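K.L.:
Here is my input; please provide its structure:
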Amino acid sequence: MNMRKILDLSKTLYAICQEDPEVISIMKELGFENITNPGMLNTAGRFMTIPKGAAMKNISLDKIKEVFQANGYDIKGSE
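P.N.:
Have a look, this model is predicted:
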């Protein structure tokens, strides 16, 4: 049975982290250190998507996808 997790790039960071708190530590490792701040997640995270955050932080979306895939995620959603 395939138990891979889904990372939906069209969802907000807030929604993704509510569904799967493990995303927080992966995102932090990728350079999104503010994600561990609950206030930040509750405000900016409600409208910020991973592709938007990657562009803002100048972090390659391909790199983010690679790291999530290595952690057992399937990527879906818009870029």
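
K.L.:
Let me see the ranges of the helices in the protein.
P.N.:
With DSSP state H as the criterion, the chain has helices at 13-19, 22-29, 38-43, 50-57, 61-70.

K.L.:
With mean pLDDT and distance to residue 5 added, can I get the ones you listed in a markdown table?
P.N.:
For every residue, glycine as well, the C-beta is placed using N, CA and C. As requested, the helices of the chain are exported to a markdown table (pLDDT from 0 to 100; distance: least, C-beta to C-beta, whole Å):
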| stretch | mean pLDDT | distance to residue 5 |
| --- | --- | --- |
| helix 13-19 | 97 | 9 |
| helix 22-29 | 97 | 8 |
| helix 38-43 | 95 | 19 |
| helix 50-57 | 96 | 14 |
| helix 61-70 | 97 | 9 |
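
K.L.:
Make JSON lines out of those helices and add mean neighbour count and distance to residue 77.
P.N.:
Shown next, in JSON lines, are the helices of the chain (neighbours: other C-beta atoms under 10 Å; distance: least, C-beta to C-beta, whole Å):
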{"stretch": "helix 13-19", "mean neighbour count": "17", "distance to residue 77": "10"}
{"stretch": "helix 22-29", "mean neighbour count": "16", "distance to residue 77": "13"}
{"stretch": "helix 38-43", "mean neighbour count": "13", "distance to residue 77": "19"}
{"stretch": "helix 50-57", "mean neighbour count": "17", "distance to residue 77": "9"}
{"stretch": "helix 61-70", "mean neighbour count": "15", "distance to residue 77": "11"}
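
K.L.:
of the ones you listed, which approaches residue 4 most closely?
P.N.:
helix 61-70 (9.1 Å; C-beta to C-beta).

K.L.:
chain center to the closest one: distance?
P.N.:
Here the centre of helix 61-70 is set off from its chain's centre by 10 Å, with C-alpha atoms, centre = their mean, to the nearest Å.

K.L.:
which helices and strands does it pack with?
P.N.:
helix 22-29, helix 50-57, strand 73-76 (3 or more C-beta pairs under 8 Å, 6 or more residues apart in numbering; DSSP states H and E).

K.L.:
which strands and helices sit next to the last one?
P.N.:
Okay, so that is strand 73-76. Against strand 73-76 (3+ C-beta pairs under 8 Å, 6+ apart) you get strand 5-8, helix 61-70.
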